[in-house]
Every structure is written in structure tokens, then in C-alpha cells.
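> my questions are about this predicted structure, shown below with the sequence.
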Amino acid sequence: MRPVLKEHTWESWEWDTEGKSPDACLSSCRQSVYFHISPLLESQGTAGVRGTRGFTHGEHYWEIEFLEPLYGNSVMVGVGTLNACLHTGGQFINLIGMDHESWGLSYKGFLWHNGKSRKYTEPFYDKNTVIGVLLDRTAGTLTFYRNGENLGLAFSELDQVGSALYPMVSSTAPETELQLGMRTSRLSSLQENCIHTITHCLGRFEHTHLLPLPTALCCQIRTYSIRS
């Protein structure tokens, strides 16, 4: 079963119009992404896109539905920093996990990080497969789910990563279509919940110095705003 985050909040992040490959197109609501949909119907390389929210604290869970049967060299889900590669023209590779900036799961069942892979699960080819991603920045772990089934721990020590981690997807195959589903989070302390709420209400981190709060707390809010 999919994880149930106690005292969770619903999140509303989307795919980033600025953080994507030119070979990735987004729906008007930015919930769906379409890869390699040129009239020639052929891929020119590997394309990726990241979400609009990066995570530095707490637990975050989201689901991605594959609206078409999977094929080709690589279709992936995972997480990465702002420095993670989003496009490789002419190269058909496992983009998420090609270096130390990202961590990914290929539809062929392999985990990738820093250019190395290992077997994790059976391949998933079927249309409407739903892959859940559970990122726990406090524990430093990343776990994947397939159609509600826990596939086990995929990566650990992500609490050692000093940068925010963003949801990512990528594909080498023409007309790959992926859609965002459930997105929830649970922050690990009352302070983190307060900072999270203040950040979303504030809008712009430049205004943190105007808050009637201790300087140290204002600095934490500013740091959270920049990373998120």
C-alpha cells in the first residue's frame, strides 16, 4: 500500500516550465509532461524535467502515472539537485543518476546514481503504471512504490546532500506521457511546519527581515525559501 503520512499536508507543485529539456512539453496545467512529440516522431536524445519545488526537510510523497506503455532505452523517475542534467542531445542514456547530482529508477528496474546502476525491481512496461516516490530528507532515504506496493529502500544518506532535491522524470522514447498524481508532505517538527507555512505565505524571501521574529529564525526562513 502507498505510504500514509500522518498529519500530512497536500502539496501543489507542478512541472517547471523553466527547468526542462526543449524536448519536453507540458500541459496547460503543468501536471502532465510529453517527451519527444516532434512531427518526425523520433527522439533526438534524452529529455528531462524537474518539479517546481525542492525539498530540504521532512517527508514528501508523490505519484507519477505512465499514460502510455513504456519502451525505449530509458524512462526514469527520481530526484536531483538544481545542477542535475535535464537534456542530452544525441545521447540515449539513463539521465537521472548519470552523475552525483541525481538519483533515479529506470522502468527496466535498475537504480542509477553517479553513473552506476544496480538491480532493484522487475521492469514495468504497462500503461497506467503508477510509480510512487517517498523522499525522507530527515532520515535521508528514497523509496519507490509501484501501484501501491512498496519496492523497498532505494537510496540512503540523502540527509548528507546539502542542496534541495527536486522531483524529476526523463525519457528517451518518442511520445512518452507522464502525469502527476497525489502529492503530500509531512514536516518533522513544529518549527519546520511553522517555517514551511511562513515561507508559503511570505512569497518572496527578500521580505524575511521585516518579520517580527528573532534574527536566527529569520535566517532559517530565508535559507528554507531559497532552497525550496
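Okay, I see it. Values in this document were obtained by computation on a predicted structure and should not be read as measured data.

> may I have the longest strand anywhere in the chain as CSV, with CA atoms only?
Longest strand of the chain, by residue count under DSSP state E: strand 176-186. Extracted in CSV, the C-alpha atoms of strand 176-186 (Å, rounded to 0.1, in the frame of the first residue of the first chain):
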residue,chain,number,x,y,z
THR,A,176,6.2,9.3,-23.6
GLU,A,177,3.4,10.8,-21.5
LEU,A,178,3.6,11.1,-17.7
GLN,A,179,1.2,12.7,-15.3
LEU,A,180,1.5,13.9,-11.7
GLY,A,181,-0.9,12.4,-9.2
MET,A,182,-1.0,12.6,-5.4
ARG,A,183,1.5,15.0,-3.7
THR,A,184,1.7,15.1,0.1
SER,A,185,4.2,16.0,2.8
ARG,A,186,4.9,15.8,6.5
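
> who's residue 32 bridged to?
Per DSSP bridges, the residues bridged to residue 32 are residue 179.

> likewise residue 88?
residue 46.

> could you check how far the closest residue to residue 175 other than its chain neighbours is from residue 144?
The shortest distance from residue 175 to any non-neighbouring residue, by CB to CB, 6 or more residues apart in numbering, is to residue 37 (5.8 Å). Just so you know, the C-beta spots here come from the backbone N, C-alpha and C atoms, and that holds for glycine as well. Per CB to CB, to the nearest Å, residue 37 is found 26 Å from residue 144.

> between the two, which is the more surrounded one?
Per other CB atoms under 10 Å, whichever of residue 37 and residue 144 has more neighbours is residue 144, with 22 against 14.

> surely the more buried one forms part of a strand?
Yes - counting by DSSP: H, G, I helix; E, B strand; the rest coil, residue 144 falls inside a strand.

> now the longest strand of the chain: buried residues?
The neighbour-count check on strand 176-186 (16 or more other CB atoms under 10 Å) flags 176-180, 183-186 as buried.

> could the residues you listed go into TSV alongside distance to residue 81 and pLDDT?
Formatted as TSV, those follow (distance: CB to CB, whole Å; pLDDT from 0 to 100):
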residue	distance to residue 81	pLDDT
176	23	90
177	26	93
178	21	95
179	24	95
180	20	95
183	20	92
184	22	91
185	19	87
186	22	76
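
> quick check, nearest of the residues you listed to residue 32?
residue 179 (4.5 Å; CB to CB).

> I'd like the buried residues of strand 176-186 as JSON lines, with distance to residue 74 appended.
Converted to JSON lines, the buried residues of strand 176-186 look like this (distance: CB to CB, whole Å):
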{"residue": "176", "distance to residue 74": "10"}
{"residue": "177", "distance to residue 74": "16"}
{"residue": "178", "distance to residue 74": "13"}
{"residue": "179", "distance to residue 74": "19"}
{"residue": "180", "distance to residue 74": "20"}
{"residue": "183", "distance to residue 74": "24"}
{"residue": "184", "distance to residue 74": "28"}
{"residue": "185", "distance to residue 74": "28"}
{"residue": "186", "distance to residue 74": "31"}
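
> so what's residue 180 up against?
If a contact means CB atoms under 8 Å, 6 or more residues apart in numbering, then residue 180 has 14-15, 31-32, 62-64 as its contacts.

> follow-up on the earlier one: pLDDT score assigned to the residue nearest to residue 175?
You'll see residue 37 listed with a pLDDT of 79.

> does it belong to a helix or a strand, and which?
Assigned by DSSP states H and E, residue 37 belongs to no helix or strand.
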